[in-house]
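Engineer: build me a model:
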Amino acid sequence: MENVSVYLAGPDIFRADAVEYAEIQKQYCRDNGLDPQHPFDNNLEIKELGPEFRGEIYAADIKQMISCDAIIANVNSFRGVEPDGGTAFEVGWFAGFNAALRMLKAVHPHKRIYCFCDDTLEYKERTLKAGYISAMDQDIDKDGMTVSIFDMNVNLMIQVSAEEEGAFLMNGFEDCVQHLVKDVKAGVFSKKAAA
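Structural biologist: All right, here's what the predicted structure looks like:
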(Lines give C-alpha, C1' and ligand atoms only; values in the text may rest on other atoms or scores of the structure.)
Protein backbone atom coordinates (compact mmCIF):
# COMPACT_ATOMS: atom_id res chain seq x y z
CA MET A 1 0.00 0.00 0.00
CA GLU A 2 1.19 3.52 -0.81
CA ASN A 3 2.65 5.45 2.13
CA VAL A 4 0.12 8.16 3.03
CA SER A 5 0.65 10.67 5.84
CA VAL A 6 -2.41 11.98 7.62
CA TYR A 7 -2.78 14.98 9.91
CA LEU A 8 -5.03 14.23 12.91
CA ALA A 9 -7.09 17.25 13.90
CA GLY A 10 -9.74 17.86 16.50
CA PRO A 11 -10.57 19.15 19.94
CA ASP A 12 -9.30 15.86 21.41
CA ILE A 13 -6.10 17.75 22.30
CA PHE A 14 -8.12 19.32 25.13
CA ARG A 15 -9.17 15.99 26.69
CA ALA A 16 -7.86 15.12 30.16
CA ASP A 17 -6.25 12.02 28.58
CA ALA A 18 -5.20 13.87 25.41
CA VAL A 19 -1.67 12.44 25.10
CA GLU A 20 -2.85 8.87 25.68
CA TYR A 21 -5.78 9.30 23.28
CA ALA A 22 -3.46 10.71 20.61
CA GLU A 23 -1.31 7.58 20.94
CA ILE A 24 -4.38 5.35 20.51
CA GLN A 25 -5.39 7.25 17.35
CA LYS A 26 -1.86 7.16 15.95
CA GLN A 27 -1.49 3.46 16.63
CA TYR A 28 -4.81 2.74 14.89
CA CYS A 29 -3.54 4.65 11.85
CA ARG A 30 -0.21 2.80 11.87
CA ASP A 31 -2.03 -0.54 12.22
CA ASN A 32 -3.87 0.39 9.02
CA GLY A 33 -0.76 1.34 7.05
CA LEU A 34 -0.95 5.12 7.48
CA ASP A 35 1.69 7.55 8.72
CA PRO A 36 -0.12 9.65 11.37
CA GLN A 37 0.99 13.16 12.25
CA HIS A 38 -0.44 14.70 15.41
CA PRO A 39 0.05 18.18 16.91
CA PHE A 40 1.57 16.54 20.00
CA ASP A 41 4.35 15.15 17.77
CA ASN A 42 5.87 18.61 17.74
CA ASN A 43 7.25 17.78 21.20
CA LEU A 44 5.53 20.81 22.58
CA GLU A 45 4.02 20.32 26.01
CA ILE A 46 0.99 22.52 25.36
CA LYS A 47 -0.25 22.63 28.96
CA GLU A 48 3.14 23.69 30.27
CA LEU A 49 3.82 26.43 27.74
CA GLY A 50 3.05 30.08 28.20
CA PRO A 51 1.46 32.39 25.61
CA GLU A 52 4.90 33.35 24.29
CA PHE A 53 5.05 29.97 22.52
CA ARG A 54 1.85 30.38 20.51
CA GLY A 55 3.75 31.37 17.34
CA GLU A 56 5.94 28.27 17.57
CA ILE A 57 2.91 26.03 18.07
CA TYR A 58 1.16 27.58 15.06
CA ALA A 59 4.27 27.24 12.86
CA ALA A 60 4.85 23.62 13.90
CA ASP A 61 1.24 22.66 13.13
CA ILE A 62 1.36 24.39 9.73
CA LYS A 63 4.62 22.58 8.91
CA GLN A 64 2.94 19.26 9.71
CA MET A 65 -0.08 20.09 7.54
CA ILE A 66 2.19 20.99 4.61
CA SER A 67 3.92 17.61 4.90
CA CYS A 68 0.71 15.54 5.04
CA ASP A 69 -1.32 13.99 2.21
CA ALA A 70 -4.65 14.16 4.05
CA ILE A 71 -6.43 15.34 7.16
CA ILE A 72 -8.76 13.39 9.42
CA ALA A 73 -10.72 15.94 11.42
CA ASN A 74 -13.05 15.49 14.37
CA VAL A 75 -15.77 18.07 13.65
CA ASN A 76 -18.05 17.17 16.54
CA SER A 77 -19.57 20.06 18.47
CA PHE A 78 -17.12 21.64 20.88
CA ARG A 79 -18.12 24.06 23.64
CA GLY A 80 -21.39 24.76 21.83
CA VAL A 81 -22.93 23.73 18.51
CA GLU A 82 -19.96 24.42 16.22
CA PRO A 83 -16.77 22.38 15.68
CA ASP A 84 -13.58 23.49 17.42
CA GLY A 85 -12.29 26.71 15.86
CA GLY A 86 -8.74 25.38 15.41
CA THR A 87 -10.02 22.27 13.67
CA ALA A 88 -12.23 24.37 11.39
CA PHE A 89 -9.15 26.44 10.50
CA GLU A 90 -7.16 23.29 9.70
CA VAL A 91 -9.90 21.86 7.46
CA GLY A 92 -10.11 25.25 5.76
CA TRP A 93 -6.34 25.31 5.31
CA PHE A 94 -6.46 21.98 3.45
CA ALA A 95 -9.39 23.15 1.31
CA GLY A 96 -7.61 26.43 0.54
CA PHE A 97 -4.42 24.59 -0.37
CA ASN A 98 -6.37 22.48 -2.85
CA ALA A 99 -8.19 25.52 -4.29
CA ALA A 100 -4.86 27.32 -4.80
CA LEU A 101 -3.44 24.29 -6.64
CA ARG A 102 -6.45 24.15 -8.95
CA MET A 103 -6.34 27.88 -9.57
CA LEU A 104 -2.64 27.79 -10.41
CA LYS A 105 -3.17 24.64 -12.50
CA ALA A 106 -0.46 23.00 -10.40
CA VAL A 107 0.33 19.34 -10.87
CA HIS A 108 1.11 18.70 -7.22
CA PRO A 109 -1.39 16.21 -5.79
CA HIS A 110 -4.09 17.83 -3.72
CA LYS A 111 -4.62 16.99 -0.06
CA ARG A 112 -7.64 14.87 0.81
CA ILE A 113 -10.08 15.95 3.54
CA TYR A 114 -11.84 13.41 5.77
CA CYS A 115 -14.13 14.65 8.53
CA PHE A 116 -16.20 12.75 11.04
CA CYS A 117 -19.02 13.77 13.33
CA ASP A 118 -20.42 11.27 15.82
CA ASP A 119 -23.54 13.34 16.45
CA THR A 120 -26.07 12.34 13.78
CA LEU A 121 -28.36 15.27 14.56
CA GLU A 122 -28.55 17.86 11.82
CA TYR A 123 -27.25 21.31 12.67
CA LYS A 124 -30.67 22.81 13.35
CA GLU A 125 -31.57 19.93 15.69
CA ARG A 126 -28.34 20.49 17.62
CA THR A 127 -29.13 24.22 17.78
CA LEU A 128 -32.50 23.35 19.34
CA LYS A 129 -30.92 20.88 21.75
CA ALA A 130 -28.37 23.51 22.85
CA GLY A 131 -31.15 26.02 23.56
CA TYR A 132 -30.38 28.55 20.84
CA ILE A 133 -33.87 28.07 19.37
CA SER A 134 -37.07 26.81 21.03
CA ALA A 135 -38.71 25.05 18.06
CA MET A 136 -37.55 23.38 14.84
CA ASP A 137 -39.58 25.82 12.72
CA GLN A 138 -37.73 28.77 14.26
CA ASP A 139 -35.37 30.45 11.76
CA ILE A 140 -33.81 33.05 14.08
CA ASP A 141 -31.85 32.07 17.18
CA LYS A 142 -31.96 33.72 20.63
CA ASP A 143 -29.18 36.12 19.56
CA GLY A 144 -31.14 37.30 16.49
CA MET A 145 -29.01 35.33 14.03
CA THR A 146 -30.37 33.23 11.17
CA VAL A 147 -30.15 29.47 11.68
CA SER A 148 -28.69 27.51 8.76
CA ILE A 149 -31.30 26.58 6.16
CA PHE A 150 -29.25 23.65 4.89
CA ASP A 151 -29.90 20.13 6.13
CA MET A 152 -26.29 19.49 7.12
CA ASN A 153 -24.51 18.34 10.24
CA VAL A 154 -21.94 21.13 10.45
CA ASN A 155 -21.26 24.41 8.69
CA LEU A 156 -21.49 23.88 4.92
CA MET A 157 -17.92 25.13 4.32
CA ILE A 158 -16.56 22.24 6.39
CA GLN A 159 -19.01 19.54 5.28
CA VAL A 160 -18.90 20.35 1.56
CA SER A 161 -15.09 20.58 1.52
CA ALA A 162 -14.92 17.07 3.00
CA GLU A 163 -17.59 15.69 0.68
CA GLU A 164 -15.80 17.06 -2.39
CA GLU A 165 -12.20 16.38 -1.34
CA GLY A 166 -12.52 13.09 0.56
CA ALA A 167 -15.44 12.11 2.77
CA PHE A 168 -17.76 13.36 5.49
CA LEU A 169 -18.71 10.47 7.78
CA MET A 170 -21.06 10.03 10.71
CA ASN A 171 -19.45 6.97 12.26
CA GLY A 172 -16.38 8.16 14.14
CA PHE A 173 -12.60 8.09 13.86
CA GLU A 174 -12.11 4.40 13.04
CA ASP A 175 -14.58 4.46 10.13
CA CYS A 176 -12.91 7.61 8.85
CA VAL A 177 -9.53 5.85 8.86
CA GLN A 178 -11.05 2.84 7.09
CA HIS A 179 -12.56 5.06 4.39
CA LEU A 180 -9.19 6.74 3.84
CA VAL A 181 -7.45 3.35 3.62
CA LYS A 182 -10.03 2.21 1.06
CA ASP A 183 -9.24 5.31 -1.01
CA VAL A 184 -5.50 4.62 -0.75
CA LYS A 185 -6.05 1.07 -2.01
CA ALA A 186 -8.24 2.42 -4.83
CA GLY A 187 -5.32 4.61 -5.98
CA VAL A 188 -6.81 8.04 -5.26
CA PHE A 189 -3.56 9.13 -3.56
CA SER A 190 -1.31 8.21 -6.46
CA LYS A 191 0.35 11.23 -8.04
CA LYS A 192 -1.12 10.38 -11.42
CA ALA A 193 -4.69 10.15 -10.05
CA ALA A 194 -4.36 13.32 -7.98
CA ALA A 195 -2.75 15.54 -10.64
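
Engineer: alpha carbons only for contacts and neighbour counts from here, please
Structural biologist: Will do.

Engineer: going along the chain, name the helices of this protein.
Structural biologist: Along the chain, the segments classed as helices by DSSP state H run 18-31, 54-67, 85-103, 123-129, 156-165, 173-185, 191-194.

Engineer: any regions of the chain where pLDDT drops low?
Structural biologist: 1, 43-50, 107-108, 191-195 (pLDDT under 70).

Engineer: pull the contacting residues for the residue nearest the centre of the chain.
Structural biologist: Nearest residue to the geometric centre of the chain (C-alpha atoms, centre = their mean): Ala73, 2.1 Å. Ala73 sits next to Leu8, Ala9, Gly10, Thr87, Val91, Ile113, Tyr114, Cys115, Phe116 when contact means C-alpha atoms under 8 Å, 6 or more residues apart in numbering.

Engineer: for Thr87, see how far away it is.
Structural biologist: Relative to Thr87, Ala73 is positioned 7 Å away (C-alpha to C-alpha, to the nearest Å).

Engineer: hey, what's the residue nearest to the centre of the chain bridged with?
Structural biologist: Taking DSSP bridges as the rule, Ala73 bridges to Ala9, Cys115.

Engineer: relative to Pro109, how far out is it?
Structural biologist: Taking C-alpha to C-alpha as the measure, Ala73 falls 20 Å from Pro109.

Engineer: what does Ile158 give?
Structural biologist: 20 Å.

Engineer: those two: who's more crowded?
Structural biologist: Using other C-alpha atoms under 10 Å as the criterion, Ile158 and Pro109 rank with Ile158 on top: 22 against 18.

Engineer: hmm, Ala88 and that one touching each other?
Structural biologist: Yes. In this structure, Ile158 is within contact of Ala88 by C-alpha atoms under 8 Å, at 7.0 Å.

Engineer: start and end of stretch 110-128, how far apart?
Structural biologist: Note: stretch 110-128 ends 37 Å apart using C-alpha to C-alpha.

Engineer: for it, what is the distance to the chain centroid?
Structural biologist: In terms of C-alpha atoms, centre = their mean, to the nearest Å, the centre of stretch 110-128 is found 10 Å from the chain centre.

Engineer: buried sites along it?
Structural biologist: The neighbour-count criterion (16 or more other C-alpha atoms under 10 Å) identifies 110-117, 119, 121, 123-128 as the buried residues of stretch 110-128.

Engineer: repeat that for stretch 16-24.
Structural biologist: Ala22.

Engineer: then stretch 147-161?
Structural biologist: Under 16+ other C-alpha under 10 Å, the buried positions of stretch 147-161 are Asn153, Val154, Asn155, Ile158, Gln159, Val160, Ser161.

Engineer: so who does the closest residue to the last one other than its chain neighbours touch?
Structural biologist: Okay, so that is Ser161. Closest residue in space to Ser161, ignoring its immediate chain neighbours: Ala95 at 6.3 Å, by C-alpha to C-alpha, 6 or more residues apart in numbering. Listed by C-alpha under 8 Å, 6+ apart, the contact set of Ala95 reads Lys111, Ile113, Ser161, Glu165.
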